[in-house]
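[1] Sequence and predicted structure, then a few things I'm wondering about:
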Amino acid sequence: MARNQRGAVFPSPVVILSVLAVAMAGVAFVATRGSEPTEREVTTVVKEQQPSPSGDGAPSATYSPSAKPKPKPVVQRDKVYVEVYNNSGITGLAGQVADQAADIGWKVVGSDNWYGTIPGTTVYYPQKLKAAAKKLALDLGIQRTAPAVDPMRRDRLTLILTEPLG
(Lines give C-alpha, C1' and ligand atoms only; values in the text may rest on other atoms or scores of the structure.)
Protein backbone atom coordinates (compact mmCIF):
# COMPACT_ATOMS: atom_id res chain seq x y z
CA MET A 1 0.00 0.00 0.00
CA ALA A 2 1.54 3.32 -1.10
CA ARG A 3 1.23 6.33 1.15
CA ASN A 4 0.25 9.61 -0.37
CA GLN A 5 1.67 12.60 1.49
CA ARG A 6 0.64 16.05 0.41
CA GLY A 7 1.30 19.43 1.92
CA ALA A 8 1.76 23.06 1.04
CA VAL A 9 5.21 24.10 -0.09
CA PHE A 10 6.13 27.72 0.51
CA PRO A 11 8.91 29.42 -1.37
CA SER A 12 11.94 29.66 0.92
CA PRO A 13 12.30 33.50 0.69
CA VAL A 14 8.80 33.93 2.13
CA VAL A 15 9.56 31.62 5.04
CA ILE A 16 12.90 33.30 5.75
CA LEU A 17 11.38 36.80 5.66
CA SER A 18 8.56 35.69 7.96
CA VAL A 19 10.99 34.27 10.50
CA LEU A 20 13.13 37.44 10.34
CA ALA A 21 10.10 39.68 10.81
CA VAL A 22 8.99 37.77 13.90
CA ALA A 23 12.54 37.82 15.32
CA MET A 24 12.91 41.58 14.74
CA ALA A 25 9.54 42.28 16.37
CA GLY A 26 10.62 40.25 19.40
CA VAL A 27 13.92 42.13 19.68
CA ALA A 28 12.15 45.49 19.36
CA PHE A 29 9.67 44.50 22.07
CA VAL A 30 12.38 43.43 24.50
CA ALA A 31 14.51 46.51 23.78
CA THR A 32 11.71 49.02 24.37
CA ARG A 33 9.65 47.51 27.18
CA GLY A 34 9.81 49.21 30.53
CA SER A 35 11.41 52.36 29.10
CA GLU A 36 8.78 54.68 30.49
CA PRO A 37 9.94 58.24 31.14
CA THR A 38 11.24 58.72 34.66
CA GLU A 39 10.50 62.41 35.01
CA ARG A 40 8.60 63.52 38.09
CA GLU A 41 6.73 66.65 39.02
CA VAL A 42 8.46 68.59 41.79
CA THR A 43 6.48 70.77 44.16
CA THR A 44 7.90 73.16 46.71
CA VAL A 45 6.94 73.10 50.36
CA VAL A 46 6.72 76.33 52.34
CA LYS A 47 7.35 76.11 56.08
CA GLU A 48 5.27 78.21 58.39
CA GLN A 49 7.08 80.81 60.49
CA GLN A 50 7.33 80.03 64.17
CA PRO A 51 6.30 82.77 66.61
CA SER A 52 9.13 84.50 68.38
CA PRO A 53 10.03 83.50 71.93
CA SER A 54 9.08 87.02 73.06
CA GLY A 55 5.45 86.10 72.41
CA ASP A 56 4.58 89.24 70.44
CA GLY A 57 3.67 87.20 67.36
CA ALA A 58 6.39 88.75 65.19
CA PRO A 59 8.90 86.45 63.58
CA SER A 60 12.13 86.13 65.50
CA ALA A 61 15.16 88.07 64.34
CA THR A 62 17.43 85.06 64.45
CA TYR A 63 18.22 83.58 61.09
CA SER A 64 19.34 80.02 60.69
CA PRO A 65 20.43 79.45 57.12
CA SER A 66 19.50 76.22 55.50
CA ALA A 67 21.90 74.33 53.29
CA LYS A 68 23.41 76.54 50.61
CA PRO A 69 21.84 75.90 47.23
CA LYS A 70 24.16 74.05 44.91
CA PRO A 71 25.22 76.07 41.91
CA LYS A 72 23.70 74.74 38.71
CA PRO A 73 26.28 73.01 36.55
CA VAL A 74 27.35 75.10 33.60
CA VAL A 75 26.75 73.18 30.39
CA GLN A 76 29.39 73.75 27.73
CA ARG A 77 27.67 72.76 24.51
CA ASP A 78 30.91 72.30 22.58
CA LYS A 79 32.13 69.70 25.11
CA VAL A 80 29.06 67.41 24.95
CA TYR A 81 28.79 64.74 22.24
CA VAL A 82 25.38 64.41 20.61
CA GLU A 83 24.09 61.72 18.24
CA VAL A 84 20.87 62.40 16.31
CA TYR A 85 18.65 59.59 15.02
CA ASN A 86 15.60 59.62 12.76
CA ASN A 87 12.72 57.35 13.86
CA SER A 88 10.18 58.95 11.50
CA GLY A 89 9.39 58.40 7.85
CA ILE A 90 10.83 61.80 6.90
CA THR A 91 13.97 61.47 4.79
CA GLY A 92 16.90 63.59 6.01
CA LEU A 93 15.29 64.71 9.29
CA ALA A 94 18.20 63.57 11.47
CA GLY A 95 20.69 65.44 9.27
CA GLN A 96 18.63 68.64 9.39
CA VAL A 97 18.29 68.59 13.18
CA ALA A 98 21.96 67.61 13.57
CA ASP A 99 22.92 70.71 11.56
CA GLN A 100 20.58 72.83 13.68
CA ALA A 101 22.13 71.52 16.94
CA ALA A 102 25.65 72.06 15.60
CA ASP A 103 24.77 75.65 14.62
CA ILE A 104 23.70 76.29 18.23
CA GLY A 105 27.07 74.99 19.42
CA TRP A 106 26.51 71.32 20.30
CA LYS A 107 29.21 68.82 19.32
CA VAL A 108 27.22 66.60 16.97
CA VAL A 109 29.21 63.45 16.21
CA GLY A 110 26.74 61.56 14.04
CA SER A 111 23.27 61.16 12.60
CA ASP A 112 21.51 58.07 11.30
CA ASN A 113 18.23 56.16 11.37
CA TRP A 114 16.92 54.52 14.56
CA TYR A 115 15.09 51.22 14.38
CA GLY A 116 12.69 50.49 17.21
CA THR A 117 9.63 51.98 18.83
CA ILE A 118 10.02 55.39 20.49
CA PRO A 119 6.91 57.05 21.99
CA GLY A 120 7.94 60.60 21.02
CA THR A 121 10.94 62.79 20.21
CA THR A 122 13.26 62.34 23.20
CA VAL A 123 16.72 63.33 24.40
CA TYR A 124 18.26 60.32 26.16
CA TYR A 125 21.11 60.94 28.60
CA PRO A 126 23.56 59.10 30.84
CA GLN A 127 23.16 60.28 34.44
CA LYS A 128 26.25 62.53 34.36
CA LEU A 129 24.81 64.47 31.38
CA LYS A 130 21.29 65.06 32.72
CA ALA A 131 21.73 68.87 32.86
CA ALA A 132 23.10 68.88 29.31
CA ALA A 133 20.09 66.85 28.12
CA LYS A 134 17.71 69.39 29.62
CA LYS A 135 19.67 72.20 27.93
CA LEU A 136 19.63 70.46 24.51
CA ALA A 137 15.89 69.79 24.85
CA LEU A 138 15.32 73.45 25.73
CA ASP A 139 17.49 74.64 22.82
CA LEU A 140 15.55 72.55 20.29
CA GLY A 141 12.07 72.81 21.83
CA ILE A 142 11.84 69.13 22.80
CA GLN A 143 9.48 68.16 25.62
CA ARG A 144 10.86 64.74 26.64
CA THR A 145 14.11 63.64 28.26
CA ALA A 146 14.82 60.20 29.69
CA PRO A 147 17.76 58.15 30.98
CA ALA A 148 19.72 56.31 28.30
CA VAL A 149 18.98 52.63 27.71
CA ASP A 150 20.88 49.92 25.86
CA PRO A 151 22.19 50.06 23.12
CA MET A 152 22.77 53.81 23.62
CA ARG A 153 26.29 54.99 24.41
CA ARG A 154 26.95 56.27 27.93
CA ASP A 155 29.31 59.11 27.03
CA ARG A 156 26.93 61.26 24.97
CA LEU A 157 23.39 62.45 24.48
CA THR A 158 21.17 60.51 22.10
CA LEU A 159 18.41 62.47 20.37
CA ILE A 160 15.75 60.32 18.67
CA LEU A 161 13.27 62.16 16.44
CA THR A 162 9.78 60.82 15.78
CA GLU A 163 8.51 63.96 13.99
CA PRO A 164 9.82 67.32 12.77
CA LEU A 165 10.65 69.81 15.50
CA GLY A 166 7.96 72.44 16.04
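    Nice, I can see it. All figures in this text were calculated on a predicted structure; none of them were measured in a lab. Residues are numbered from 1 along each chain as shown.
[2] what about residue 152, how many neighbours?
    17 (other Cβ atoms under 10 Å). To be clear about C-beta, it is placed using only N, CA and C from the backbone, and glycine gets the same treatment.
[3] what separates residue 151 from residue 117, distance-wise?
    14 Å (Cβ to Cβ, to the nearest Å).
[4] Ok, residue 68 next?
    Distance from residue 68 to residue 117, by Cβ to Cβ: 44 Å.
[5] Looking at the two, which is more packed in?
    The residue with more neighbours, out of residue 68 and residue 117, is residue 117; 14 against 6, by other Cβ under 10 Å.
[6] Now the phi/psi pair for that one, please.
    Dihedral angles of residue 117 (phi, psi; degrees, to the nearest 10) stand at phi -110, psi 120.
[7] Strands along this protein, start to end?
    81-86, 107-113, 122-125, 144-147, 157-161 (DSSP state E).
[8] can you redo those strands as a markdown table with mean neighbour count, distance to residue 93 and mean pLDDT?
    Conversion of the strands of the chain to a markdown table gives the following (neighbours: other Cβ atoms under 10 Å; distance: least, Cβ to Cβ, whole Å; pLDDT from 0 to 100):
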| stretch | mean neighbour count | distance to residue 93 | mean pLDDT |
| --- | --- | --- | --- |
| strand 81-86 | 22 | 5 | 96 |
| strand 107-113 | 16 | 9 | 94 |
| strand 122-125 | 24 | 14 | 96 |
| strand 144-147 | 18 | 16 | 95 |
| strand 157-161 | 26 | 5 | 96 |
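[9] what's the closest of those to residue 19?
    Among the strands of the chain, strand 107-113 comes nearest to residue 19, with 23.0 Å by Cβ to Cβ.
[10] Give me the longest helix you can find in the chain.
    Longest helix of the chain, by residue count under DSSP state H: helix 12-32.
[11] That helix: which residues count as buried?
    By neighbour count with 16 or more other Cβ atoms under 10 Å, helix 12-32 contains no buried residues.
[12] Please list the residues outside it that contact it.
    Contact partners of helix 12-32, identified using Cβ atoms under 8 Å, 6 or more residues apart in numbering, comprise 115-118, 149-151.
[13] Just the buried ones from the residues you listed?
    Judged by 16+ other Cβ under 10 Å, buried ones among those: 116, 118.
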